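> need the 3D shape of this:
(one chain, ligands or ions: 1)
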Amino acid sequence: MGTVTLQGLRKSFGRVQALDGVTLDVPDGSFFVVLGPSGAGKTTTLRTIAGLEKPDAGSVHLDGRDATGDAPADRDLAMVFQNYALYPRHTAYENIASPLRARGRSPGEIAEAVDRISGLLHIERLLRRRPAQMSGGEMQRVALARALVRSPRAFLMDEPLTNLDLKLRVEMRTELSRIHRSLGATFVYVTNDQVEALSMADRVAVLKEGRVQQAGTPAEVYERPANRWVAGFVGSPPISLLACRAEGDRLIGTDGWSLPRPGWTTAEDDRPLLLGLRSEDLSVEQRGDASLPGELYGLEPLGDRTVVDVRVGTAILKVKARPTISGSPGERLLVTVDLDRAHLFDASTGQSLSAATR
Ligand SMILES: Nc1ncnc2c1ncn2[C@@H]1O[C@H](COP(=O)(O)OP(=O)(O)OP(=O)(O)O)[C@@H](O)[C@H]1O
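Numbers count the residues shown, from 1 in each chain. Below is the predicted model of the structure:
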């Protein structure tokens, strides 16, 4: 078993409120990602679960039992950090075996566990080498194997891929998902990288200033962001936000544009709103009923696609287009909007006004 339940966690460091009432439910066996910008309280959340920080208020339950006052060693959790220090004079095998030796496991048990984890990480051929005889990526795998060789209640991971170059990082994302599935263990994984979160998690909690903004599956957080902040933080290129208000059966932009009012919104007339549009729900190449007049501002070729920046009034819309699209700045364009997939937010509170059932 490996459930982690946080209830109303509060923690301050002097005048900084690092955690401001964090409540989370990490199901057994899940790949649970805590996502947020720098300073959001992610590491503090992880350290509080591990028992390395004592909360000012709130509780930590592990497998349903109150563990808030337990010492770190009594929690049966493994922490995986950004920086892995391997013992330089020991072979990969000895490095991986060290946590089990420290726990007094028999040589037979150790050999079996090292065998299993090195198979899973594809590092069998490195086992006799010392760190100086391995590449950075290989050392990373060995270090990960050392962290994963035990079978604790849950693994707590603090941005473990941060120090890798981009290619290795992308490769390790797939690997970690695969390893998670094979181990069936609970992973609580902290990152500020939303791509990492969306690609690996089966549940995500989005944290800002010590508060959970939204928790759900990656699809829920992306498709139905609870507020404008989550909508802006999750997704690349970032969602475009246009100031407007509802009037009868139309949405009227502060910049003068007008679109049909989507049937799914609960917004009443005249309330200041923000219309949120993701790049893939906009097109400059197809025609539809709902469109916004604008002018080409710039092109961002990204290989497999081009992001077209279109100026609509004072806002710049990011529109996804095929890679071969061309055009000159200033050219007039019509941006077609898929209103069924658009988002509306209250301009003052930032809360979503999209009906949950749509
Ligand atoms: N030991 C400490 N003493 C003082 N302030 C701290 C301490 N630990 C964390 N903080 C502060 O608490 C807030 C949350 O920090 P935390 O490290 O949890 O954020 P984070 O989301 O993990 O950020 P990052 O992605 O930069 O690691 C920050 O403002 C940080 O400066």
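> in the stretch 251-358 of the chain, what spans have low per-residue confidence?
Applying pLDDT under 70 to the predicted model, the residue ranges of the stretch 251-358 of the chain that meet it are 355-358.
> can we see that at 90?
255-256, 261-271, 285-290, 327, 353-358 (pLDDT under 90).
> for the stretch 1-150 of the chain, same thing?
Across the stretch 1-150 of the chain, the stretches falling below the confidence threshold (pLDDT under 90) are 1, 73, 78-86, 103, 119-122, 135-141, 143-144, 147-148, 150.
> how about the helices in it?
With DSSP state H, counting those that start in this stretch as the criterion, the stretch 1-150 of the chain has helices at 42-50, 92-102, 107-120, 136-148.
> looking at those helices, spot the one closest to Ile325.
Comparing the helices of the stretch 1-150 of the chain against Ile325 with CB to CB, the closest turns out to be helix 136-148 (36.3 Å). Just so you know, the C-beta spots here come from the backbone N, C-alpha and C atoms, and that holds for glycine as well.
> following that closest one, which helix or strand shows up next?
Secondary structure here is assigned by DSSP states H and E; on that basis, the next helix or strand after helix 136-148 toward the C-terminus is strand 154-158.
> which other helices and strands contact that following strand?
helix 42-50, strand 77-80, strand 186-191 (3 or more CB pairs under 8 Å, 6 or more residues apart in numbering; DSSP states H and E).
> mean neighbour count, the helices of the stretch 1-150 of the chain: which tops it?
The highest average neighbour count among these, using mean count of other CB atoms under 10 Å, belongs to helix 42-50 at a mean of 23.
> contact partners of the longest helix belonging to the chain?
Among the elements of type helix in the chain, defined by DSSP state H, the one spanning the most residues is helix 166-183. When contacts are taken as CB atoms under 8 Å, 6 or more residues apart in numbering, the neighbours of helix 166-183 outside the stretch itself are 31, 120-121, 136-137, 140, 148, 151, 161, 164, 187, 196, 199-200.
> again, but for stretch 235-243
Counting contacts by CB under 8 Å, 6+ apart, the residues outside stretch 235-243 that touch it are 194-195, 222, 228, 231-232, 253-255, 257, 272-279, 282, 300, 307, 312-313, 315-318, 343, 345, 347.
> which parts of the stretch 51-200 of the chain sit against the ligand?
By the criterion of CB under 6 Å from any ligand atom, the positions of the stretch 51-200 of the chain lying close to the ligand are Asn192.
> ramachandran coordinates for the closest residue to the ligand within the stretch 51-200 of the chain?
Of all residues in the stretch 51-200 of the chain, Asn192 sits closest to the ligand, with a separation of 4.9 Å (CB to the nearest ligand atom). Asn192 has phi and psi values of phi -110, psi 10 when expressed as degrees, to the nearest 10.
> contacting residues for it?
Asn192 is in contact with 35-38, 40, 42, 159, counting by CB under 8 Å, 6+ apart.
> what do you get if the cut-off is 7 Å, keeping everything else the same?
When contacts are counted by CB atoms under 7 Å, 6 or more residues apart in numbering, Asn192 is found next to 36-38.
> same check on Gly294?
Contact analysis of Gly294 by CB under 7 Å, 6+ apart lists 310-312, 317, 333, 335.
> which single residue of the stretch 251-358 of the chain ends up nearest the ligand?
Counting by CB to the nearest ligand atom, the stretch 251-358 of the chain gets nearest the ligand through Gly350, at 20.2 Å.
> Asp193: how many residues sit nearby?
The number of residues packed around Asp193, counting by other CB atoms under 10 Å, is 16.
> and the gap between it and Leu156?
Noted for Asp193: a distance of 17 Å to Leu156, by CB to CB, to the nearest Å.
> about what we covered before: just the buried members of the contacts of stretch 235-243?
Judged by neighbour count, with 16 or more other CB atoms under 10 Å as the criterion, the buried members of those are 194, 222, 228, 231-232, 253-254, 257, 273-279, 282, 307, 312, 315, 317-318, 343, 345, 347.
> residues touching Ser258, list them.
Contacts for Ser258 (CB under 7 Å, 6+ apart) come out as 250-252.
> meant to ask about Met139, not that
If a contact means CB under 7 Å, 6+ apart, then Met139 has 86, 131 as its contacts.
> with the one 10 residues further on instead?
With contact set as CB under 7 Å, 6+ apart, Val149 has these partners: 96, 99-100, 113-114, 117.
> quick revisit: which one of the contacts of helix 166-183 is nearest to Gly104?
Comparing every one of those with Gly104 (CB to CB), the shortest separation belongs to Ser151, at 15.2 Å.
> number of residues surrounding the closest one?
Neighbouring residues of Ser151 were enumerated by other CB under 10 Å; the total is 13.
> excluding sequence neighbours, find me the nearest residue to it.
In space, Ser151 comes closest to Ala185 once its chain neighbours are excluded; the distance is 7.1 Å by CB to CB, 6 or more residues apart in numbering.
> model confidence for the one you found, exactly?
Ala185 carries a pLDDT value of 93.
> please apply the same query to Glu223.
On the pLDDT scale, Glu223 is placed at 93.
> find the centremost residue of the chain, please.
Residue closest to the mean C-alpha point of the chain, counted by CA atoms, centre = their mean, is Ala197 at 2.7 Å.
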